[in-house]
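# Could you look at this predicted model? Sequence included:
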Amino acid sequence: MFERRVTRQISVGDVLVGGGAPVSVQSMTTTKTADVDGTLAQVYALAGAGADIVRITCNDVEAAQGLAEIVPRSPVPIVADIHFQYKLALAALEAGVAALRLNPGNIRNESHIKTVAKAAKERGVPIRVGVNGGSLDKDLLEKYGSATPEALVESALTEIRYLEDVDFTDIKISVKHSHVPSMVASYRLLADTVDYPLHLGVTEAGPLPGGLIKGVAGIGTLLNEGIGDTIRFSLTADPVEEAKTGRALLEYLGLRERKGLDLIACPSCGRAEVDVIEVAQRAQKALEAENLPIQVAIMGCVVNGPGEAREADIGIAAGRGKGHMFIKGQVVRVVPEDEMVEALIDEARKLVEEGVEARLAAADSNAEQLSRLAREQLVEIQGDANDAASKRARVAEVASG
Ligand code: SF4
């Protein structure tokens, strides 16, 4: 397990960021901020999908006024996204936001930045220094020739200096880039330079599936090195996907407790006794509707399925026209194949309600035996792919014959 980088801690509303706090998930609304009800509906959807913090653009006076109504009704802390106009940062503070994001690429005036920092300090509101490779200060672009990691980090450090000059240290930083290796290099360089908490993201990652892959590659790599205190996937998709994806990545890396379903399934092969893709899709749809916080396995054959997926909370494997349901690797029930998904959902619900011990105690007494018989019959028909000893002996026989 990787060691998390030690950072300072800040509070975005009631969400702690850095200093050993759980890595938080962020997303951003796509509605017009002046549309208070529409924006709030999206904030609630994002919070429900796993976002701990939501960012909202504050691009004009109407947006700032919208924030004044959104903030007190939001279930999660709101960050105002500020570009170009520092006065909108002051307006957002007046509206009560929990944090500001300033883009050093387009708010460059030192005295304006210091004015915002002083106002934020008075209210105990942190600032994210949000550098973006696509909107880097043109002087830095000229100096470095392109948006290099050094250029991104210099942009962040210049802004931080302005903030520290007025004794403002309630800071988190991002150095986002749309090119994954540059993004990773930028954050590594920054992590070696400062101890402020870092907000990770691959900017303008694009639509699915490419955007998702870029985000996982960049954010996942850094998290695995212990770098990163809060994350955002920037997908060209419904932002609910960003929140879901962010949450799922943290759960898969063991950085957050599982809140929802983790469906695993074998990739299927010539031994499969059922259409694994179709069964997995049906199970996923039904299980997601239930939102059970468990790991569920769908396995194509009973010969290898229960053993390969023994770590799963519950699973089902096909064999000889039946579904062999198992809990922690132990077969507890054998059901007709066309009822296997429904039976799985039913047992999964009971498992969450009653716990593993109770459901193992309620197992059908003949299930293990029925399953063993099916396995033996399949091995007889298909051969035992796991019988390495006899295979090695046969290979040696052929080689020396
Ligand atoms: S569980 Fe069975 S069907 Fe699925 S990949 Fe393994 S051997 Fe093949």
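Noted; the coordinates are in hand.

# Neighbours of residue 354, how many?
Close neighbours of residue 354, defined as other C-beta atoms under 10 Å, add up to 12. Backbone N, C-alpha and C define where each C-beta goes, glycine included.

# Identify the residue nearest it in space, chain neighbours excluded?
Excluding its sequence neighbours, the residue lying closest to residue 354 (C-beta to C-beta, 6 or more residues apart in numbering) is residue 362, at 7.9 Å.

# what's that neighbour in contact with, if anything?
332, 350, 354 (C-beta atoms under 8 Å, 6 or more residues apart in numbering).

# give me the residue from the stretch 51-200 of the chain nearest the ligand.
Proximity to the ligand, evaluated over the stretch 51-200 of the chain using C-beta to the nearest ligand atom, is greatest for residue 180 at 30.6 Å.

# Identify the residues contacting that residue.
Neighbours of residue 180 in contact, by C-beta under 8 Å, 6+ apart: 202, 214, 217, 218.

# Distance-wise, check it relative to residue 192.
19 Å (C-beta to C-beta, to the nearest Å).

# which bits of this protein sit near the ligand?
266-269, 271-272, 299-301, 303-305, 308 (C-beta under 6 Å from any ligand atom).

# Buried ones among these?
Neighbour counting by 16 or more other C-beta atoms under 10 Å classes 266, 268, 271, 272, 299, 300, 301, 303, 304, 305, 308 among the residues of the chain next to the ligand as buried.

# tally of neighbours for the closest residue to the second one other than its chain neighbours?
Same thing as residue 268. Closest residue to residue 268 apart from its sequence neighbours, by C-beta to C-beta, 6+ apart: residue 276 at 3.9 Å. For residue 276, the neighbour count with other C-beta under 10 Å is 21.

# cool, the one 4 residues further on as well?
By the measure other C-beta under 10 Å, the count of residues near residue 280 is 22.

# tell me the strands in the stretch 101-250 of the chain, going along the chain?
Using DSSP state E, counting those that start in this stretch, the strands of the stretch 101-250 of the chain run over 127-132, 171-176, 199-200, 230-232.

# got a markdown table for the ones you listed, with mean pLDDT and mean neighbour count too?
Converted to a markdown table, the strands of the stretch 101-250 of the chain look like this (pLDDT from 0 to 100; neighbours: other C-beta atoms under 10 Å):
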| stretch | mean pLDDT | mean neighbour count |
| --- | --- | --- |
| strand 127-132 | 96 | 27 |
| strand 171-176 | 97 | 26 |
| strand 199-200 | 98 | 28 |
| strand 230-232 | 98 | 28 |
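
# Next one: residue 83 from residue 138, what distance?
15 Å.
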